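Here is the input, now give the coordinates:
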Amino acid sequence: MRISADVQYQSELFLLSAGKISITLDSDWKEPASARDEDVQAAERAMQFKLGWFANPIYGTGDYPEIMKTRVSAKSKAGGLNKSRLPAFTDREKVLNKGTIRETFHVSDSDQIDLYHYTEAIRLGLRYLAMTPDSPSLTG
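Coordinates of the predicted model:
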């Protein structure tokens, strides 16, 4: 994980190189198809799974987004697994993720953050995605 690389860099190489730390994240923007609650939730959920996956541990709580942990765990159990496919951070990793680097080495969360954004998409609530053998094709 990136935090481990930060710790190693700051403790072993920073004084030699005086370099910068940065991270580049990629995320499309998800816009709800309507103001309906299920569409708004679908757009937020999609953003949490795309951008929150990496940004939340580093710049947020130190952990994955709650919706991601809940959904992946439920799907893992439904698939017959005993535990979630999403690895859990230890309490120590959560602390390191959310700011110990900054406090220990007196740097910002990162010297630079880049966000690539190329596409916007409309997100529909699950009511539109429930397909049956008699349902029309989503692609026409």
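
Can you give me the distance of residue 65 to residue 59?
12 Å (CB to CB, to the nearest Å). For glycine as for every other residue, the C-beta is placed from the backbone atoms N, C-alpha and C.

With neighbour numbers in mind, choose between the two.
Higher neighbour count among residue 65 and residue 59: residue 65, with 21 against 17, using other CB atoms under 10 Å.

Next one: the more buried one from residue 114, what distance?
Going from residue 65 to residue 114 by CB to CB gives 21 Å.

what do you get for residue 45?
Using CB to CB, residue 45 is found at 24 Å from residue 114.

Neighbour count for those two, which is higher?
residue 45 (19 against 10).

got the buried residues for the helix or strand containing that one?
In this assignment (DSSP states H and E), residue 45 forms part of helix 37-47. Going by neighbour count (16 or more other CB atoms under 10 Å), the buried part of helix 37-47 is 38-40, 42-47.

average pLDDT across that helix?
Averaging pLDDT along helix 37-47 gives 92.

Would you mind pulling up the elements that it packs against?
strand 29-32, helix 66-78, strand 120-123 (3 or more CB pairs under 8 Å, 6 or more residues apart in numbering; DSSP states H and E).

buried residues in the first one?
When you say that, I think you mean strand 29-32. 30, 32.

just the longest one next, same as before
With burial defined by 16+ other CB under 10 Å, the residues of helix 66-78 counted as buried are 68, 71-73.
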